[in-house]
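Participant: Predicted model, plus sequence, below.
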Amino acid sequence: MEMESGILQHLQERFEASTFKPQATKDEILTLWMPVDKIKEVLAFLKQDVPKPYRMLFDLTAIDERTRRKENGHAPYAFTMVYHLLSFDRNSFIRLKVGLKDDFPLVPSISSLWANANWYEREVYDMFGIRFEGHPHLYRILMPRTWVGHPLRKEHPSRATEMGPFQLYDDKIDLEQAALQFKPEEWGLARQSDDSDFMFLNIGPQHPGTHGVLRIVLQLDGEDIVDAIPDIGFHHRGAEKMGERQTWHTYLPYTDRVDYLGGVMNNMAYLQAVEKLAGIEVPERVKFIRIMMCELFRIASHLVWYGTFAQDVGQLSPVFYMFSDREKIFDIVEAVCGGRMHPNWFRIGGVAQDLPNGWETLVQNFINYFPKRLKEYDNMVMKNSIFKARTKGIGIFTLDEAIEWGVTGPNLRACGFAWDFRKKQPYSGYEMFDFEVPTAANGDCYDRALVRIEEMRQSLRIIEQCMKNMPVGPYKADHPLTTPPIKKHTMHDIETLITHFLGVSWGPVIPSGEAMSCIEATKGANGYYLTSDGNTSPYRVRIRTPSFPHMQMLPYITKGYTVADLLSILGAMDYVLADIDR
Amino acid sequence: MEEATTNYFLIIGGVLFVMLNVAAGLIWVERRMLALWQDRYGPNRAGPLGLFIVLADSLKLFFKEDWIPPFADKPVYVIAPAVVVVTVLLSFVVVPFAPGIVVADLNIGLLFFLAMSSMGAYSIILGGWASNNKYALLGAMRGAAQMISYEVFMGLALMGVVLLSGSFRLSDIVLAQAGMWYIIPQFLGFIIFFIAGIAETHRLPFDIPEAESEIVAGFHSEYSGMKFGMFFIGEYMGITLISCMLVTLYFGGWLGPEFLPPIVWFILKTAFFLMIFVLLRASLPRPRYDQLMEFGWKILLPLTLVNLLVTAAIVLWQEG
């Protein structure tokens, strides 16, 4: 976690000292500006040659700087490329920024350096119109191929009413129809091999096995998968763009819906970053409440995964048992938050309300009830020999491959690497809790399941500790930027009344700066990289979701398996379409 | 003579009527039982205990638009669902429900049953092929491979029963079990026939030709309305048929203690196996297609042959 000055030295020894310009940020991440022509060299050096290398490309994104209030003395760039790298040995991130002056700039691609850079660069191209030199397949990824404009550019309208009435002219119909034609060549797929013609099969966008609007183009030889190409973007709602016109406060409900099975877990990821920007330290009780709710949602999310995974391999019943258990969790969530799946319950500097009377009984009942059920499920699902035959040895990837592709969360831990942000970079007070980080050895579908199931037991332990040690105290931080602001003194002095009025009507004004938070969400590492230019709404919201890189890995791990195995692999991956597309 | 003819038509009509209604009734039984095992209610609104769901379902199927996709091979597409119903119904011809209640007590009854169930495979293959749909094609391919392979073990497993009873006539087989049901000497044969029977009716866990999460609805993806209904009814009648055969061949058919009439014994035993079919669906996941083939050829086939060999040796030894 501590600032790595050592790495800066290494970099300055290897390259000229003037290559890098450090920038101060509100998080602990070392941030360096570098020139565009050095991108590949510097990143390759960091990945391969530096001691304790930065092996994971954690995130890659861009910022449109053109309308930003220039107050912190940056060079007047039009766009900034931002690379987040993660070193497991150092347990730290590094952020590298590249300023770009052109309106439609050209940047060297790093897709030859990291496998997972491919989709990230396509996303940046899609969203900003930044082109990447040397990218093998630079097409739109989230927006339809016929889309005009690049949504995250500041000149692109952010709501339909700004776009003029929609009209579908004949030539537009023809254009859209033509775009729907499937041409295997456009997907980089051959129509036949030496001895057989391939069959192309669309799994989705509407398909019972994809759990959402996901399309996978399969190139089949009989039932064997020659290649599988995910087509994503059907669930794209522009969550990042919405962030730019919502206030810091009113953006909260949108985060709920990113990983829609994770509920308040998403609030947590967002608020960690906002609170870093605002400099808010939340009270102990808030930390405990947040952790308890997050872990409840982790169990709820894993239960959905468990049931649907069993259903994907043909077991019809478990999903019903697991959904009714999930209802038991929602009963608690409902009693505490009022909402169920998307309670939108955390607030800047606290939570919406204090815990209701009698919450301990509800939680205690669940703690008593749930372990027995888990055991039952083990007997029903995990010990079933057909289930084992369908999942063991299927969809294997090694630890090195996982890191190369940016895999995080249970999928990474199934390769035998005990990396958990709750342990390694504890946030919100996780360091106070006693729990294990479950791992498995083989990195196949069965092991991914094992890890998640053990995680539910560990989450239960955390919830129990929360319940037994819940501190007393306020449920909101005593800080001017806490939203909604504390009202206690408003009727007594005009200062607090004004702050309160502004905080409620405009929303809080978060000081300018940037910060990234990273939490161990239900599916892997979820990070919010927020940029503020001292306004009532974020200047740029970047959501790094775990499912995006996981889905990107699909072609790599499905080749050579059969259609039936594809469903095991998808099921074990545990993705949520909104988490991929945002 | 005249009375015999009337009786004969009564039996045919009766069997036809009962079988079609059993198939329809199974809709309700299966949905209610599945719901029971899955902690939910199932259809419980229409009529007493939700029984009228059968009526509602059938009416819905009858009145749905009878749509044939323009890209389909029309005549084959129409014939395919009929094949399954016809073959299964014809199989019931040889089943002895009780003494005297049998449509045709053929002396090659068992062979007739095997022949008819082999014909049933055509329905899947033709249906899947004529739909001109990739999912349907995959389903048909899977179905063809599965049904043809499992046909082999099914036939061979039954030969044990034939060896013991010395007849292909089903009523003879039932009567030969008066001393001891064949479930005891032919336990292995029973297990193999049961597994092959599930594969033959392509029910979960062996519903590979229509594996929902993988290939949507498999061979009947394109079917709707009553044509889909025919596949549906065919499947339920298939379960009933396999249950009837299990009872006839291994559980002494209509035989049972005197206090209940023979037909009731037959119905009770059959109902038990129907429940087993539903329970299997509620509990087991689905193996992969190649795993099923492997299981068949590498495990079931040798086991069947061993069973046949041992049974034959014992029969020879007892006679000798």
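Facilitator: Great, that's in hand. Just so you know, these numbers come straight off a predicted model, no measurement behind them.

Participant: Count the residues that sit near the residue in chain A that chain B sits nearest to.
Facilitator: Across chain A, no residue is closer to chain B than A:G314, which sits at 2.7 Å (CB to the nearest CB). Just so you know, the C-beta spots here come from the backbone N, C-alpha and C atoms, and that holds for glycine as well. A total of 26 residues lie near A:G314 under the criterion other CB atoms under 10 Å in any protein chain shown.

Participant: Next one: the nearest residue to it once chain neighbours are set aside from B:R45, what distance?
Facilitator: Nearest-residue entry for A:G314: B:R286, 2.7 Å, with adjacent residues in sequence omitted and distances by CB to CB, 6 or more residues apart in numbering or on different chains. Using CB to CB, to the nearest Å, we find B:R286 at a distance of 31 Å from B:R45.

Participant: and the two? which has more neighbours close in?
Facilitator: Between B:R286 and B:R45, counting by other CB under 10 Å, B:R286 is the more crowded of the two (26 against 10).

Participant: From what I see, the more buried one and B:P205 are in contact.
Facilitator: Yes - with contact defined as CB atoms under 8 Å, B:R286 and B:P205 form a contacting pair (5.2 Å).

Participant: Now the element after the lengthiest helix in chain A, going C-ward?
Facilitator: Longest helix in chain A by number of residues, with DSSP state H as the criterion: helix A:284-312. Next helix or strand after helix A:284-312 toward the C-terminus (DSSP states H and E): helix A:318-337.

Participant: what angle do that following helix and helix A:284-312 make?
Facilitator: Angle between the axes of helix A:318-337 and helix A:284-312 is 160 degrees (criterion: axes from the mean of the first three to the mean of the last three CA atoms, to 10 degrees).

Participant: what's next to helix A:318-337, contact-wise?
Facilitator: For helix A:318-337, the surrounding residues in contact (CB atoms under 8 Å, 6 or more residues apart in numbering or on different chains) are A:263-264, A:293, A:296-297, A:299-300, A:303-304, A:306-308, A:310-311, A:339-341, A:343-345, A:352, A:355-356, A:358-359, A:362-363, A:366, A:369-370, A:373, A:376-377, A:380-381, B:38-40.

Participant: Derive a PyMOL selection command for the buried subset of those.
Facilitator: Here the buried members of those are turned into a PyMOL selection, burial being counted by 16 or more other CB atoms under 10 Å in any protein chain shown:
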select buried, (chain A and resi 263+264+293+296+297+299+300+303+304+306+307+308+310+311+339+343+344+345+352+355+359+362+363+366+370+373+377+380+381) or (chain B and resi 38)
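
Participant: where does the stretch 151-300 of chain B have low pLDDT?
Facilitator: Low-confidence segments of the stretch 151-300 of chain B, defined by pLDDT under 70, are absent.

Participant: Just list the residues touching the residue in it that chain A sits nearest to, thanks.
Facilitator: Of all residues in the stretch 151-300 of chain B, B:R286 sits closest to chain A, at 2.7 Å by CB to the nearest CB. For B:R286, the contact set (CB under 8 Å, 6+ apart) comprises A:313-315, A:386, A:390, A:564, B:204-208, B:211.

Participant: and the residue nearest to A:G314, what helix or strand is that in?
Facilitator: Under the criterion DSSP H and E, no helix or strand holds B:R286.

Participant: Look up phi and psi at it.
Facilitator: In this entry, B:R286 is assigned phi and psi values of phi -110, psi 130 (degrees, to the nearest 10).

Participant: mind listing the strands for the stretch 451-582 of chain A?
Facilitator: In the stretch 451-582 of chain A, strands defined by DSSP state E, counting those that start in this stretch lie at A:513-520, A:525-532, A:540-544, listed in chain order.

Participant: Mean pLDDT and mean neighbour count for these - can I get that in CSV?
Facilitator: Rendered in CSV, the data for the strands of the stretch 451-582 of chain A read as follows (pLDDT from 0 to 100; neighbours: other CB atoms under 10 Å in any protein chain shown):
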stretch, mean pLDDT, mean neighbour count
strand A:513-520, 88, 25
strand A:525-532, 90, 26
strand A:540-544, 91, 24
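
Participant: Is it possible to get TSV of these that adds distance to B:W297?
Facilitator: Compiled in TSV, the strands of the stretch 451-582 of chain A are given as follows (distance: least, CB to CB, whole Å):
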stretch	distance to B:W297
strand A:513-520	47
strand A:525-532	46
strand A:540-544	49
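
Participant: Out of those, which is closest to A:P151?
Facilitator: strand A:540-544 (12.7 Å; CB to CB).

Participant: Check which strands are paired with the closest one and give the direction for each one.
Facilitator: Here strand A:540-544 has these sheet partners by DSSP bridges: strand A:525-532 (antiparallel).
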